[in-house]
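K.L.:
no letters, just coordinates:
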């Protein structure tokens, strides 16, 4: 369901959660810190309510959070990446560099496929995308990227930016002590002005045909031709 | 006017090319211009070529790699980038329609850019039969752009296609009738390079292992196409199907919940229909 | 002679007392070290339980033969209790006895009769154990039981020998005619040996009793001392309610269930000490009888054994020793997850053990602290938490089932209806369970009931999360729902789901939600009784499956049967009413795979098929789905229908007849 102005989804009866890609990134960060020691920070850009997702990440084991607060307006990928890169530079100036910065490969909602890459370029660090496996190897990180029929391997030096996908790991179910501790972990709130988006959302639409009745391809074995036509059209064969 | 096109030489690239032509005369850079794959160097090549051509736009198919290279090009040239478009109207700004939420919502947007960077969502527009674009000569990549480059490969696990990641799944329910009945399901899956799935009833009956089960207490799947054969569609099963883009249901009961929730249906005996589909696929090869 | 015997008795008493006392003190200190449990309220109900369950032997007598055997021994010992003192007096001085009682003929008769009953009971118990060998004893310590039975037999035999020789020597203070059995023994004794026998028998009698006393606290027969206490401290009301965790305190003070034996409440420790390994729980456990890892008996025994080995070390180390975890050291993960929380074991247990509380505490630790549970249930937990229903459906779709029916959706600020229809997640979202919601709504509309639903403002009660052990998520949802209901000024609630019924009715009062909660079968039966609904009874044979959370946990048994009688011909399954058999979905098992043993739902369907009924009536959305699955899996000729739908059809039939 969309809001009346068709600019957003009607969220009155929806709960918000971290998207699967990002949740896997958080889990991977926690596991790396558990295995190697160190400190982890979670960062998001979003409205004040997004602090709940930061708490969720801290419940999984992240140490502290940075919240780039917005007023709920839509930011495009370019603006988002610039603000995040600034925040990371500021954080690194005081706390030292991050060895790994994880991003979800693409956002579940806008699907822009670019924020992680843009941040990597802004920070001048190597970036590997679409990862299903990450292994630390001394000063390098070995990455496995999912492709048709297997995985491609990349080895890049740290510090690096890695964008990950669901399936990288199975995120733990947060423990209740973890949830309770997350309530008292530090959240740094930053605000920055929203740049005029160069990819500007005008309106959202539900695609035609969604929610309609199924299309019958026929009955019995005679439907086989229609089925294979569909398979061809859908690019399956 | 010239438009730069990142070409993967396949169906989805031909579809994207149709849309690229809207911006002018396409010139192409091959996706495999640098081997092994090194996305930063491809982005550098595209950036230089776009300058040389004074390209009005750069277009690619919205594949994993298409989106990746274009995002790197966008970061490198500090330009906005619109991924997974299904329609564009050139102009200033460019007006376009793109997919959000994995295609469950369409966004109408304006792209304000001196050089629009666009990828085209696969299988959303038909390919035209326009001419193949001229390929651009490519210089040797700069070593600094080869830091991120494929250096090895891991073959897919021996277990065939995994359910969770399968692009196509052929799944059987109680209607398959028996353990042996899955032979026709496996045959069709083999022809499609698909994974085999099943409903809870099937694992309860011991016809298939629990690892094949799709549903709330099995694997959550997100294929492009889910072919459900003889599955009624209990809530427990449907809960695992939320990520499926398209569902084709084959069932003798047209009122089965899965038939009502599918995109396409075939009514009848799956024991006749599934082999007929396999036969038809073989015939066309 | 008297002095020597007095000294001998004193020595025996001191030794036995010391051995017994040492052990008893340890056990007492253990129980005192348990975590708090509030079981000191409601004295009248506790006294009643003591009278019915302990003195009346009500739970034991559910199984007639072994029940009578136990009752004979138990009542016998109550009657014979004063003979311990009489025996000790007699051991010191053959001419003395307990003033007054020792000289009463009626008491001599009682002793004779009950001693004989005890002996008969012991023999019968031996026959049961050695000849019949019921399966419920599988895994129990059989040798220990044999020893105890032998000791009891010894006590009785020596009693008869002593009384017989007393009578033969004329030492009896009571009239011999009042003791027919002892008199018979007296007549059979070899005269010259009688004086010697009299001394030997009374001393043997006293020493066996003292040995028995010493042996008790080291054995499973501790129940003789502890069971009565355990029954007294049992739950007196709301058997379906779980004890809430207090989260609003520092993390270190929150008890996240039981990780180690030291985390158990004192009542749970008492539970383990009360177990006599009789196996009645095991016999009725749906998990056990279908071949799964869980036996409620073995679970309690394993926890007792770990408590008895680890507890003393903890006490001795004064807190500096950390015992190993209960799971997996004493109890495997599988055992913990096999439980359907149906309560059959708790219902059956003669000594008041509350198995569900143990299982839930183990789950609470595993889920909330260790994040360890059957992987497939993770989706449900996440969806309940994030989407407010176990299938992750959009809340906006909660009213879909009611489209076109004309059901009012209560908006914030609107006046409350007479009845709030709490639909529940399964009836709102599951296409099979949905029929019950539709039928209930149609019937209420037809009867002119002023009702409304909450629509998207209704969230899962949290029951599946709570039964999984995720108390935190449950409490968040409970608080949210109580807030919604209270702000809407709701007073009466009708639910079609026994799990919602139990949670809102019995558990929400802990969170400030006090409502009159009525199950739809109760409500609809009322409408039929008042003549507001007029069904036409048919000829179909209907067998009704009692839902655990209705019939056993909440005592709703007669109203569903009124509905069955109103629409067809009732035929009962062997396991019915408060001794019903779970469908397999309880305890959040609905969201777990049944990987071990045989399917529970099929076990129940087989029982239903055997009645010859053509309809299996249900009153719970989970039973609907589970049993319907079972029927399909087995290809059984049986239709699974909610009582509301059966009633709606019967009302429709009557209406059609009239027109």
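P.N.:
Cool, the structure landed. Everything numeric in this text was worked out from a predicted model, so none of it was measured.
K.L.:
secondary structure element for the residue lying closest to residue A:114 once chain neighbours are set aside?
P.N.:
Excluding the flanking residues, the one nearest residue A:114 by C-beta to C-beta, 6 or more residues apart in numbering or on different chains is residue B:71, at 3.9 Å. Bear in mind the C-beta positions are built from the backbone N, C-alpha and C, glycine included. Using DSSP states H and E, residue B:71 maps to helix B:64-77.
K.L.:
just the residues contacting that helix, thanks.
P.N.:
Contacts of helix B:64-77 from elsewhere in the structure, counted by C-beta atoms under 8 Å, 6 or more residues apart in numbering or on different chains, are A:78, A:81, A:106, A:112-114, A:117-118, A:120-122, A:127, A:129-130, A:146-147, B:6, B:8, B:16, B:31, B:37, B:39-40, B:42-44, B:46-47, B:50, B:58, B:60, B:79-81, B:83-84, B:115, B:117-119.
K.L.:
tell me, how many residues neighbour the residue nearest to residue A:114?
P.N.:
By other C-beta atoms under 10 Å in any protein chain shown, the residues close to residue B:71 number 31.
K.L.:
next, the contact list for residue B:242, please.
P.N.:
Contacts of residue B:242 (C-beta under 8 Å, 6+ apart): B:220, C:392.
K.L.:
how about the one 4 residues further on?
P.N.:
Applying C-beta under 8 Å, 6+ apart, we find residue B:246 in contact with A:234, B:224, B:225, B:226, B:263, B:264.
K.L.:
can you list phi and psi of residue B:119 for me?
P.N.:
Backbone torsions of residue B:119, given as degrees, to the nearest 10, read phi -110, psi 150.
K.L.:
ok, it - contacts?
P.N.:
By C-beta under 8 Å, 6+ apart, the residues touching residue B:119 are A:113, B:16, B:59-63, B:66-67, B:70, B:81-85.
K.L.:
got it, and residue B:282?
P.N.:
Contacts of residue B:282 by C-beta under 8 Å, 6+ apart are residue B:191.
K.L.:
for the record, mean pLDDT for the helix or strand containing it?
P.N.:
For residue B:282, the host element (DSSP H and E) is helix B:270-284. The average pLDDT for helix B:270-284 rounds to 95.
K.L.:
so the most centrally placed residue in chain A versus residue C:338, what's the distance?
P.N.:
In chain A, the centroid-proximal residue (C-alpha atoms, centre = their mean) is residue A:104; its distance is 2.9 Å. Relative to residue C:338, residue A:104 is positioned 38 Å away (C-beta to C-beta, to the nearest Å).
K.L.:
quick one: contacts of stretch C:185-200?
P.N.:
By C-beta under 8 Å, 6+ apart, the surrounding residues in contact with stretch C:185-200 are C:94, C:160-169, C:171, C:176.
K.L.:
quote the end-to-end distance of it.
P.N.:
Using C-alpha to C-alpha, to the nearest Å, the end-to-end distance of stretch C:185-200 comes to 15 Å.
K.L.:
the closest residue to residue C:457 other than its chain neighbours and chain B: what is the separation?
P.N.:
In space, and not counting its chain neighbours, residue C:457 is closest to residue C:484: 5.4 Å by C-beta to C-beta, 6+ apart. Residue C:484 sits 24 Å away from chain B, going by C-beta to the nearest C-beta, to the nearest Å.
K.L.:
got the buried residues for the host helix or strand of residue C:208?
P.N.:
Here residue C:208 sits within helix C:194-215, counting by DSSP H and E. Residues of helix C:194-215 classed as buried: C:194, C:197-199, C:201-215 (neighbour count, 16 or more other C-beta atoms under 10 Å in any protein chain shown).
K.L.:
which parts of the stretch 101-250 of chain B sit against chain C?
P.N.:
Within the stretch 101-250 of chain B, the positions lying close to chain C (C-beta under 8 Å from any C-beta of the partner chain) are B:174, B:200-201, B:203-205, B:210, B:213, B:216-218, B:220, B:233-236, B:238-239, B:242.
K.L.:
just the ones in strands from those residues, please.
P.N.:
Assignment to strands by DSSP state E places none of those there.
K.L.:
what's the most distant pair in the contacts of residue B:246?
P.N.:
In the contacts of residue B:246, the most distant members under the criterion C-beta to C-beta are B:224 and B:264, with 13.1 Å between them.
K.L.:
tell me which of these two has more neighbours.
P.N.:
residue B:264 (22 against 17).
K.L.:
helices - which of the residues of the stretch 101-250 of chain B next to chain C land there?
P.N.:
In helices, judged by DSSP state H, the following of these are found: B:200, B:201, B:203, B:204, B:235, B:236, B:238.
K.L.:
so how far is residue A:174 from the first one?
P.N.:
Yep, that's residue B:200 we're talking about. 27 Å.
K.L.:
do the same with the third one
P.N.:
As defined by C-beta to C-beta, residue B:203 lies at a distance of 29 Å from residue A:174.
K.L.:
likewise residue B:144?
P.N.:
Per C-beta to C-beta, residue B:144 is found 42 Å from residue A:174.
K.L.:
coming back round to it: tell me the confidence at the residue nearest to residue A:114?
P.N.:
We have a pLDDT of 98 for residue B:71.
K.L.:
can you list contacts of whichever helix in chain A runs longest?
P.N.:
As assigned by DSSP H, the longest helix anywhere in chain A is helix A:77-95. By C-beta under 8 Å, 6+ apart, the list of residues contacting helix A:77-95 from outside reads A:39, A:41, A:43, A:45, A:66, A:68, A:75, A:98, A:101, A:110, A:112, A:114-115, A:118-119, A:122-123, A:190, A:192, A:194-195, A:197-199, B:74-75, B:80-81.
K.L.:
list the buried residues of that helix.
P.N.:
A:77, A:78, A:79, A:80, A:81, A:82, A:83, A:84, A:85, A:87, A:88, A:91.
K.L.:
for chain C, what is the nearest residue in chain B?
P.N.:
Nearest residue of chain B to chain C (C-beta to the nearest C-beta) works out as residue B:217 at 3.8 Å.
K.L.:
what about the strands in chain A?
P.N.:
Per DSSP E, chain A carries strands over the ranges A:41-46, A:64-69, A:100-104, A:127-137, A:140-147, A:150-157, A:160-164, A:187-191, A:199-205, A:215-219.
K.L.:
where along chain B do the strands fall?
P.N.:
B:2-7, B:25-30, B:58-61, B:81-89, B:94-100, B:105-111, B:117-120, B:134-135, B:152-155, B:168-172, B:195-198, B:225-229, B:246-251, B:264-267.
K.L.:
so, low pLDDT: which residues of chain B?
P.N.:
Along chain B, the parts satisfying pLDDT under 70 run over B:157-160.
K.L.:
nearest the middle, which residue of chain C would you pick?
P.N.:
Nearest to the geometric centre of chain C sits residue C:346, at 0.9 Å (C-alpha atoms, centre = their mean).
K.L.:
correct me, but residue B:105 touches residue A:204?
P.N.:
Yes - shown here, residue B:105 and residue A:204 form a contact pair, counting by C-beta atoms under 8 Å, at 5.3 Å.
K.L.:
overlap in contacts of these two?
P.N.:
Common neighbours of residue B:105 and residue A:204 (C-beta under 8 Å, 6+ apart) are residue A:9.
K.L.:
and the residue in the stretch 101-250 of chain B positioned nearest to chain A, what does it touch?
P.N.:
When scored by C-beta to the nearest C-beta, the stretch 101-250 of chain B has residue B:152 as its residue closest to chain A, at 3.6 Å. With contacts defined as C-beta under 8 Å, 6+ apart, residue B:152 is in contact with A:152, A:153.
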